[in-house]
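Undergrad: below are the sequence and a predicted model; questions follow.
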Amino acid sequence: MLRSELPTSEYNPFYHTYILALGDVGLIQELNRGRDEFLALLEEIPKSKLGYAYAEGKWTLAELLLHILDAERVFQYRALCFARNDKTALPGFDQDEYVPQSNAAARTTDDLMQEYKAIRESTLCLFNSFDEDVLKRIGVSSGSRMSVRALGFIISGHQAHHVKIIRERYL
């Protein structure tokens, strides 16, 4: 499925810029491409940069990397619930509450890389298991209707957004 086939009615407008920034890509292809790009980025990061924040009050690079991992897990869980026709409205998550609990200062680049590989492989396995009907299923999260396929593109777009910030402000 291509990004251009995703109607804006299937996600909260908050995610629109993430999704549009991807261009007209295929869902699985973009998850694979994003994986390769992110792993290459992690290999570029000097260990000395993990504790760096580009301004006072901003997350360190390690905290930002963990935020990307946490968000993918949350979006993946939402996709699983909606794919299984769980009608429970899912809550949002407060990224600013997650970050201080992440123990980012104790993490290494190798550790983050290993965790990311496991998360993205799980995401790929999950989305590869969905057929077209499942991808179109809708659930409610953070008070908004959202489709399974939108969540796949949100995973990719969210990561791409933060990769751009990392390249511009951290490296």
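TA: Now that the structure is in, tell me what you want to look at. Residues are numbered from 1 along each chain as shown.

Undergrad: buried set for the longest helix along the chain?
TA: Taking DSSP state H as the criterion, the chain has its longest helix at helix 61-83. Neighbour counts over helix 61-83 (16 or more other Cβ atoms under 10 Å) mark 61-76, 78-83 as buried. No exception for glycine: its C-beta is placed from N, CA and C like everyone else's.

Undergrad: just checking, what packs against the helix or strand following that helix?
TA: As assigned by DSSP states H and E, the chain's next helix or strand after helix 61-83 is helix 95-98. Judged by 3 or more Cβ pairs under 8 Å, 6 or more residues apart in numbering; DSSP states H and E, the packing partners of helix 95-98 are helix 61-83.

Undergrad: quick check: mean pLDDT of the helix it packs on?
TA: What helix 61-83 shows for mean pLDDT is 98.

Undergrad: report the contact partners of residue 106.
TA: Under the criterion of Cβ atoms under 8 Å, 6 or more residues apart in numbering, residue 106 has no contact partners.

Undergrad: could you report the pLDDT at it?
TA: So, for residue 106, pLDDT stands at 96.

Undergrad: and for the one 4 residues further on?
TA: pLDDT recorded at residue 110 is 95.

Undergrad: looking at this, it is in a strand?
TA: No - with DSSP: H, G, I helix; E, B strand; the rest coil as the criterion, residue 110 is helix rather than part of a strand.

Undergrad: could you give the number of residues near it?
TA: By the other Cβ atoms under 10 Å criterion, the neighbourhood of residue 110 contains 11 residues.

Undergrad: for residue 50, see how far away it is.
TA: 11 Å (Cβ to Cβ, to the nearest Å).

Undergrad: ok, residue 28 next?
TA: Separation of residue 28 from residue 50 (Cβ to Cβ): 31 Å.
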